[in-house]
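Colleague: sequence first, then the predicted structure, then my questions.
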Amino acid sequence: MECNIYKGKRKESHYLFMPATMPLDDVPSSILTMLGEMELVMNLEIREDSVLAQSDPKTVLETISEKGFYIQLPSDKDLII
């Protein structure tokens, strides 16, 4: 899945993963408010066998499929909303 990865300016080390085809406006406003102004960090093709710095790619893909987005928190604690 091709994903856009955004960084919120309000929360350090919080990243929002979402399908590249999904507009940022489709993310719930409460999430955008919590994270603050969003900055596109990168566009990345994620597969189950991908290697990500902090998150399990399978969890990222499953959460995006279920919720439409995935939020990576600092350290090993990921928020699944």
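Modeller: Nice, I can see it.
Colleague: could you pull out the strands in the protein for me?
Modeller: In the chain, the segments counted as strands under DSSP state E are 2-8, 15-19, 38-45, 70-72.
Colleague: restrict stretch 3-19 to CA atoms and write it as PDB.
Modeller: C-alpha atoms of stretch 3-19 as PDB (Å, rounded to 0.1, in the frame of the first residue of the first chain):
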ATOM      1  CA  CYS A   3       1.200   5.600   2.200                       C
ATOM      2  CA  ASN A   4       1.800   9.200   3.100                       C
ATOM      3  CA  ILE A   5       3.500   9.700   6.400                       C
ATOM      4  CA  TYR A   6       2.800  13.000   8.200                       C
ATOM      5  CA  LYS A   7       4.400  14.500  11.400                       C
ATOM      6  CA  GLY A   8       2.300  16.600  13.700                       C
ATOM      7  CA  LYS A   9       3.900  19.800  14.900                       C
ATOM      8  CA  ARG A  10       2.100  19.700  18.200                       C
ATOM      9  CA  LYS A  11       3.200  16.300  19.300                       C
ATOM     10  CA  GLU A  12       6.900  15.400  18.900                       C
ATOM     11  CA  SER A  13       7.600  12.000  17.400                       C
ATOM     12  CA  HIS A  14       4.000  11.300  16.500                       C
ATOM     13  CA  TYR A  15       3.400  10.100  12.900                       C
ATOM     14  CA  LEU A  16       0.200   9.600  11.000                       C
ATOM     15  CA  PHE A  17       0.300   6.900   8.300                       C
ATOM     16  CA  MET A  18      -2.500   7.000   5.700                       C
ATOM     17  CA  PRO A  19      -3.200   5.800   2.200                       C
END
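Colleague: buried ones in it?
Modeller: 3-8, 14-19 (16 or more other CB atoms under 10 Å). Using the backbone N, CA and C atoms, a C-beta is placed for each residue, glycine as well.
Colleague: with stretch 53-66 instead?
Modeller: 55, 57, 60-61, 63-64.
Colleague: can you add distance to Met42 and give those back as JSON lines?
Modeller: Converted to JSON lines, the buried residues of stretch 53-66 look like this (distance: CB to CB, whole Å):
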{"residue": "Ser55", "distance to Met42": "14"}
{"residue": "Pro57", "distance to Met42": "15"}
{"residue": "Val60", "distance to Met42": "14"}
{"residue": "Leu61", "distance to Met42": "17"}
{"residue": "Thr63", "distance to Met42": "18"}
{"residue": "Ile64", "distance to Met42": "16"}
